[in-house]
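Chemist: This is a predicted model, with the sequence first.
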Amino acid sequence: MLLEDKIKNADRVHKANNLIVQAIQNETNRETMSKMLKVSQMISDIHKDCVADFQHARREETSI
């Protein structure tokens, strides 16, 4: 996967998480809110991995 694709994927994940956070702010059902918070945390973890992968790829490109 190209570095540009990795950046796009990280951006998509970040946008998805922002949409979930916005939905949580308008949610009134506590059970639904709790589930959405768990999903948001999972997406946040994935985003962190994407960014770490991006940083690793960038280091590899500069060392070549």
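Modeler: Thanks, I have the structure now.
Chemist: Skipping adjacent residues, who's closest to the residue most central in space within the chain in space?
Modeler: Central residue of the chain (CA atoms, centre = their mean): residue 47, 3.0 Å from the mean position. By the measure of CB to CB, 6 or more residues apart in numbering, the closest residue to residue 47 outside its immediate chain neighbours is residue 13, 4.6 Å from it. Backbone N, C-alpha and C define where each C-beta goes, glycine included.
Chemist: helix, strand or coil for the one you found?
Modeler: Under the three-state scheme (DSSP: H, G, I helix; E, B strand; the rest coil), the conformation of residue 13 reads as helix.
Chemist: residue contacts, it?
Modeler: Neighbouring residues of residue 13 by CB atoms under 8 Å, 6 or more residues apart in numbering: 43, 46, 47, 50.
Chemist: Residue 17 touches residue 47, doesn't it?
Modeler: Yes. With the criterion set as CB atoms under 8 Å, residue 17 and residue 47 qualify as a contacting pair; they are 6.5 Å apart.
Chemist: shared neighbours of these two, anything?
Modeler: Both residue 17 and residue 47 lack any common contacting residue under the criterion CB under 8 Å, 6+ apart.
Chemist: What sits closest to residue 50 if chain neighbours are left out?
Modeler: Spatially, and ignoring its direct neighbours in sequence, residue 50 is nearest to residue 10 (3.8 Å; CB to CB, 6+ apart).
Chemist: dump the residue contacts of that neighbour.
Modeler: Listed by CB under 8 Å, 6+ apart, the contact partners of residue 10 are 47, 50, 51, 54.
Chemist: on contacts alone, who are the packing partners of the strand or helix carrying the first one?
Modeler: When elements are defined using DSSP states H and E, residue 47 is found to belong to helix 30-63. Where contact means 3 or more CB pairs under 8 Å, 6 or more residues apart in numbering; DSSP states H and E, helix 30-63 is packed against helix 3-26.
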